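Engineer: Give me the fold of what follows.
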Amino acid sequence: MINTPIDPNDGDPCTLDTCDPITGVSNVFQDADGDGTCDANDLCPGSPEPGQGCDDGNPLTGPDLVDANCNCVGDPIGPCTELLTLDITLDNFGSETTWEVYDETGTTLIDAGGPYADGNVRWSTVQETICLNQLCYRLVVNDDGNNGISGGGYVLRDPLGRRIIDADGQFSSTSSNILPFCLPLSANKLINSWCDKTDLVYAYSTQIYASNNPAASGYQFWMADPHGTYSRRVFKTTQNLQPTNLVTLPPPADLDLNVRVRALVNGVYTPFGPACIIRLNTPGGGSGRSTILFDEASAISLSLYPNPNRGEQLFLALGGVQADTKVELDVMDLFGKRVFADRFAAPSEEFTHSMDLNNLASGVYLVNVHVGDRLYTERLVKQCTCIPGGRSTTVTSTVPARASKGRGADMRPEPSMHRTSLTRSMPPTQR
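Structural biologist: Model prediction:
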């Protein structure tokens with residue numbers, strides 16, 4: 001018997017022709033990218049065709065398209081290098097929520113977003129994409145209902161997902177840090193085990209710790225209320241800081257603070273790193289009382305309650321004060337205007353003094369308490385009275401003039417690119 005060789009070539013350039021002694025001849029159609037065009041006739045056999053959409057893996061470019069050389073490329077999104085995300089967890093009244101990004105001076109509007117739809121599932125999250133450069137900026141979040149974002153808040157992140165600002169919804173009409181944030185971020189931060197510590201006790205023994213930078217000769221800790229009532233930067237030659245040991249502008253108690261760190265290397269500061277949250281809690285808690293032990297050495301304590309205040313009579317409790325010590329009270333709004341003042345002598349070592357602030361508009365105030373030659377400051381939140389359903393009956397606004405920009409035709413944002421998506425999330429857990 002003579003074996004005659006078989007030629008498997010079927011003459012079609014689109015098939016892979018083989019001959020197997022067992023299975024016989026095989027002619028398989030070749031289409032690597034599955035677009036229906038065989039590889040022999042396909043301009044880009046391993047990818048979509050020129051002009052079709054693709055993903056180049058760079059979030060700072062778009063739209064991404066396949067070019068004539070079968071490469072996936074995209075054009076830069078606007079004149080920017082830093083693609084930030086702003087996640088806003090809304091309450092039931094999304095139409096009251098807006099945001100703005102200004103330059104470092106707070107005068108030039110860069111981007112803006114909102115308002116959003118009412119009636120969304122409560123605690124749903126809107127995500128905005130904001131394209132910025134390696135400069136400094138100010139973020140302003142507004143609530144036209146003058147009662148913050150009930151149960152919500154917002155988080156601003158850099159392109160790597162690291163937090164720049166992390167804020168709850170407990171503000172009145174506007175939320176903005178006292179100092180601007182700058183891009184990019186460094187890797188300097190609190191150590192992981194001390195990041196997001198909300199169970200710290202307000203005591204001199206409490207410390208926070210920066211992660212080690214071998215090249216650093218010191219560290220600067222930045223503690224701030226993202227709603228703008230407190231900001232303090234402290235330099236230490238060591239990695240640890242005792243926040244309550246500060247004599248000037250000590251941190252407030254019972255308030256979530258953003259803490260960021262930067263290192264001093266060869267006499268020059270690195271950029272600040274990502275934000276963590278800490279809370280310095282009043283020892284033993286206290287049913288609406290915000291107690292601050294500003295000076296353990298002298299045992300002076302201060303309580304301001306109920307805070308937040310919804311029109312009830314406000315009480316100041318002082319302890320550890322010598323009788324007949326001069327006490328001066330000044331309540332300041334966020335513009336620095338004094339809206340209430342009182343002067344009296346301490347009747348005893350421990351006492352409670354009442355204040356009628358019912359005529360004040362809802363908003364955030366700073367209560368300065370002078371006890372002899374010492375000055376203590378407490379944050380007071382005056383909330384509006386609301387009708388059933390949660391709608392505000394108070395429309396008085398405490399928004400700074402610059403924060404209200406962007407509402408008229410003459411204050412349109414500069415050209416920029418931001419994208420919005422809506423996702424549903426579970427109610428936030430208590431930090």
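Engineer: ok, residue 160 to residue 194 distance?
Structural biologist: Taking CB to CB, to the nearest Å as the measure, residue 160 and residue 194 are separated by 20 Å. C-beta: built from backbone N, CA, C; applies to glycine.
Engineer: what do you get for residue 57?
Structural biologist: With distances taken as CB to CB, residue 57 is found 34 Å from residue 194.
Engineer: okay, those two: which has more neighbours?
Structural biologist: Neighbours were counted for residue 57 and for residue 194 using other CB atoms under 10 Å; residue 194 has more, 18 against 9.
Engineer: Ramachandran angles for that one?
Structural biologist: With angles defined as degrees, to the nearest 10, residue 194 sits at phi -110, psi 0.
Engineer: Kindly report the same for residue 40.
Structural biologist: Main-chain dihedrals, residue 40, degrees, to the nearest 10: phi -70, psi -30.
Engineer: mind listing what the nearest residue to it once chain neighbours are set aside touches?
Structural biologist: Spatially, and ignoring its direct neighbours in sequence, residue 40 is nearest to residue 13 (4.1 Å; CB to CB, 6 or more residues apart in numbering). Going by CB atoms under 8 Å, 6 or more residues apart in numbering, residue 13 touches 38, 40, 41.
Engineer: Would you convert those into CSV that also reports neighbour count, pLDDT and distance to residue 202?
Structural biologist: Shown next, in CSV, are the contacts of residue 13 (neighbours: other CB atoms under 10 Å; pLDDT from 0 to 100; distance: CB to CB, whole Å):
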residue, neighbour count, pLDDT, distance to residue 202
38, 16, 82, 73
40, 12, 76, 75
41, 10, 77, 74
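Engineer: what's the helix or strand for the residue nearest to residue 40?
Structural biologist: Assigned by DSSP states H and E, residue 13 belongs to no helix or strand.
Engineer: what separates it from residue 39, distance-wise?
Structural biologist: On the measure of CB to CB, residue 13 and residue 39 end up 9 Å apart.
Engineer: Show me what the host helix or strand of residue 111 is packed up against.
Structural biologist: Under the criterion of DSSP H and E, residue 111 resides in strand 109-113. With contacts defined as 3 or more CB pairs under 8 Å, 6 or more residues apart in numbering; DSSP states H and E, strand 109-113 has these neighbours: strand 97-103, strand 125-132.
Engineer: now the angle from it to strand 125-132?
Structural biologist: Inter-element angle recorded for strand 109-113 and strand 125-132: 160 degrees (by axes from the mean of the first three to the mean of the last three CA atoms, to 10 degrees).
Engineer: and strand 109-113, what's its mean pLDDT?
Structural biologist: Per-residue pLDDT over strand 109-113 has a mean of 94.
Engineer: Identify the neighbouring strands of it in the sheet and state each direction.
Structural biologist: strand 97-103 (antiparallel) (DSSP bridges).
Engineer: So which residues lie in contact with the partner strand, not counting its own?
Structural biologist: If you take CB under 8 Å, 6+ apart as the criterion, strand 97-103 is touched by 86, 88, 90, 108-116, 128, 130, 132, 135-144, 149, 154, 402-403, 405-406.
Engineer: related to what we said a few turns ago, could the contacts of residue 13 go into a markdown table alongside distance to residue 18?
Structural biologist: Putting these into a markdown table (distance: CB to CB, whole Å) gives the following:
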| residue | distance to residue 18 |
| --- | --- |
| 38 | 16 |
| 40 | 16 |
| 41 | 20 |
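Engineer: Which among the contacts of strand 97-103 count as buried?
Structural biologist: Among these, those buried by neighbour count (16 or more other CB atoms under 10 Å) are 86, 88, 90, 109-114, 116, 128, 130, 132, 137-144, 149, 154, 402-403, 405-406.
Engineer: Tell me the one among the contacts of residue 13 nearest to residue 204.
Structural biologist: residue 38 (77.0 Å; CB to CB).
Engineer: In contact with the residue nearest to residue 242 when sequence neighbours are not counted, which residues?
Structural biologist: The shortest distance from residue 242 to any non-neighbouring residue, by CB to CB, 6+ apart, is to residue 207 (5.2 Å). By CB under 8 Å, 6+ apart, the contact list for residue 207 reads 240, 241, 242.
Engineer: In terms of helices and strands, where is the residue nearest to the second one when sequence neighbours are not counted?
Structural biologist: So the one you mean is residue 241. Distances taken as CB to CB, 6+ apart put residue 221 closest to residue 241, at 4.8 Å, once the chain neighbours are dropped. Per DSSP H and E, residue 221 falls inside strand 218-224.
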